[in-house]
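1. predicted model and sequence follow; I will ask about them next.
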Amino acid sequence: MTALQPLRTDRLKAMLADGQELAIVDLREELIFSQGHLLFARSVPLSRLELKFARLVPRRGTRIVLCDDADGLCERAADILARAGYTNLHALDGGVAAWAAAGFELFSGVNVPSKAFGEFVEHASATPSIDAAELARLMRDRSDIVVLDSRPFDEYQRVSIPSAVNVPGAELVLRIRDLAPSPQTMVVVNCAGRTRSIIGAQSLINAGVPNKVVALRNGTMGWTLAGFTCDSGKARRAGEVSRDGFAWAKAAADRVARRFAVARTDLATLERWRADDARTLYLFDVRDPREYDAAHVAGAVSAPGGQLVQATDQYVGTLGARIVLSDPAEVRAVMTASWLRQMGWKDVFVLVESGTETRRPQPAILGPASPVELRIDCAGLAELTARDDATIVDLSLSRDYRKAHIPGSWFAIRSRLASALAKIPLRGTPVLTSEDGILAGLAAPEARALVDRPVRFLDGGNAAWQAAGHPLTADDPRMADEAVDMWLKPYERPQDTTRAMSEYLSWEVDLIERIKRDGTTNFSRLVP
């Protein structure tokens, strides 16, 4: 057992204000996390700790505070982290409930710091907006408008405003002059809800676009709630940037960099920072993923700028860390940096480099390699299932399990495997699987200690099973555990999506008052 230091709530409150690096990690499953958590806690469920932790908290000496429901998750996580070399581990004494009992604020939802920041920006900057009914009227009247969807392409394809062009958030300033060359054209920026609409519109305004720019109030959800129909399956993307468009964007980004004190760095400094064991460094490529895949700076992680601002907690686990944003065109990195600076990230730098690496960095996985003797390949599992001599337990995320799983398999959550195995009628050899088999391999020794028979894990998981020509199905889901591993977006919920959308939008608007009560943010407009 590792030495896990209990930490009182008042000490954690003081840590949040001392300016030193700090990672607050909530180990509960995502749905439970979404029902009430500390504002700056990162959701890293114990069930997937080895897969997610090192990417979010890469430096082993980081001051780390683990949170749970005082139910032993912290102790279990600390053992894993200590074996991986993490040395500065604390546990919130009394769990998340103790934070509330001390009179401090708990937050529901996910990506809360970023979404609260969006509400802050709208209030502080008086970001103009337009409602769905007014936009629909302008569209009927064939007014001179352009609708720009600031989400990633996959979200845009799922559902979009009629006539909208997909321009992810960090791309807006770079591409706006080609999309709206006339200053008379009204520019409407939308997302699914509020945050990316607000940040996108205000990005254009901060960059000095001469057009009238507005955010679509409440995005595609607001459009739907107003009784209008969204498109789906559209593929309208912004084209290549023209020479004149780039010149305008570069000049605009230079103005934004001066206004928000955005600093540049170079490769030599980056290498010195990489060697600095006393500070955490994150290197993100903020361009479109297609550009990133073509070539990027070695070691950079793809983090499109709009998403990095929208869901900072999914990329950066350590408060107070250094962040370097790579973009050979500079514009996207400067705009992203300007927002991170206003969110309170002090050490944010722009790296104007193309890079030559084409491979994505391999994810760092904590823990020992999966025992070879516990593996079973697809042919072996097919043989067992053919004679009804295997019980397959799938540790994939519940969303993925429901979409496609090996026929007859049971869904379970790795951190709650003991209770799941007690519910499953075991027959023959228990075989664990997961999306790619990695999590199943990590869990196999744990399962072996819980049952009185040999346990195996499927090498390559469900992906290998499908690649080998075996079927996956969405039929006959067998749930050995509740699907508490996933927070579902309002439009993903199986019942009463209209009510879920309304409640979600009200929740976003309410965040501005809640962060005032919490008092731990240092959001700012940074206007000279």
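-> Done, it's in. Numbering: from 1, shown residues only.
2. who touches R525 in this structure?
-> Applying C-beta atoms under 8 Å, 6 or more residues apart in numbering to R525 gives the contacts A124, S125, Q342. (C-beta placed from N, C-alpha, C; glycine too.)
3. confirm for me that Q20 is in contact with A321.
-> No. Contact criterion C-beta atoms under 8 Å: Q20 and A321 do not qualify, at 10.7 Å.
4. which one of the two has more residues nearby?
-> For Q20 versus A321, neighbours defined as other C-beta atoms under 10 Å are more numerous around A321 (22 against 11).
5. was I right about that one contacting F284?
-> No. Counting by C-beta under 8 Å, A321 does not reach F284; the two are 11.5 Å apart.
6. now stretch 406-413, how far from the chain's geometric center?
-> Stretch 406-413 sits 26 Å away from the centroid of its parent chain (C-alpha atoms, centre = their mean, to the nearest Å).
7. end-to-end on that stretch?
-> From its first residue to its last, stretch 406-413 covers 16 Å (C-alpha to C-alpha, to the nearest Å).
8. low-confidence ranges, the stretch 201-350 of the chain, go.
-> Along the stretch 201-350 of the chain, the model assigns pLDDT under 70 to no residue.
9. please, where are all the helices along it?
-> For the stretch 201-350 of the chain, the helices defined by DSSP state H, counting those that start in this stretch occupy 219-225, 243-259, 267-274, 289-294, 305-310, 331-343.
10. mind checking which of those helices is nearest L27?
-> helix 305-310 (23.8 Å; C-beta to C-beta).
11. helices or strands up against the closest one?
-> Secondary-structure packing of helix 305-310 (3 or more C-beta pairs under 8 Å, 6 or more residues apart in numbering; DSSP states H and E): helix 112-125, helix 195-206, helix 331-343.
12. let me see the contact set for A404.
-> Counted by C-beta under 8 Å, 6+ apart, A404 has contacts N462, Q466, L472, T473, A474.
13. need the strands for the stretch 401-528 of the chain, in chain order.
-> 410-411, 429-433, 456-458, 478-479 (DSSP state E, counting those that start in this stretch).
14. tell me which of those strands is the most buried.
-> By mean neighbour count, with neighbours taken as mean count of other C-beta atoms under 10 Å, strand 456-458 ranks first of these at a mean of 28.
15. other SSEs contacting that one?
-> strand 375-376, helix 378-386, strand 429-433, helix 438-448.
16. now the helices and strands packed on helix 305-310 in CSV, with distance to L81 and mean neighbour count?
-> Below are the helices and strands packed on helix 305-310 laid out as CSV (distance: least, C-beta to C-beta, whole Å; neighbours: other C-beta atoms under 10 Å):
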stretch, distance to L81, mean neighbour count
helix 112-125, 23, 22
helix 195-206, 32, 27
helix 331-343, 27, 27
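17. in TSV, list those along with distance to A41.
-> Conversion of those to TSV gives the following (distance: least, C-beta to C-beta, whole Å):
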stretch	distance to A41
helix 112-125	9
helix 195-206	19
helix 331-343	16
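18. nearest to A390, of these?
-> helix 112-125 (42.1 Å).
19. how far does that closest one sit from the chain's center?
-> For helix 112-125 - counting by C-alpha atoms, centre = their mean - the centre lies 17 Å from the chain centre.
20. could you give the average pLDDT over it?
-> For helix 112-125, the mean pLDDT works out to 97.
21. please apply the same query to stretch 171-189.
-> pLDDT averaged over stretch 171-189 gives 98.
22. buried residues in that stretch, which are they?
-> 171-180, 185-189 (16 or more other C-beta atoms under 10 Å).
23. how far away is R399 from L81?
-> 27 Å (C-beta to C-beta, to the nearest Å).
24. neighbour-wise, which of those two wins?
-> L81 (25 against 12).
25. I figured that one hits E50, correct?
-> No. With contact defined as C-beta under 8 Å, L81 does not reach E50; the gap is 9.5 Å.
26. one step back: now, which of the buried residues of stretch 171-189 lie within strands?
-> M186, V187, V188, V189 (DSSP state E).
27. which one of those residues is nearest to A41?
-> V189 (29.8 Å).
28. that closest one and A116: what is the separation?
-> From V189 to A116 the distance is 19 Å (C-beta to C-beta).
29. then R402?
-> From R402 across to A116, the span is 31 Å (C-beta to C-beta).
30. and R217, by the same measure?
-> 18 Å.
31. report pLDDT for the closest residue to A468 other than its chain neighbours.
-> Computed as C-beta to C-beta, 6 or more residues apart in numbering, the closest residue to A468 that is not its neighbour in sequence is C378, at 4.1 Å. Looking at C378, its pLDDT reads 98.
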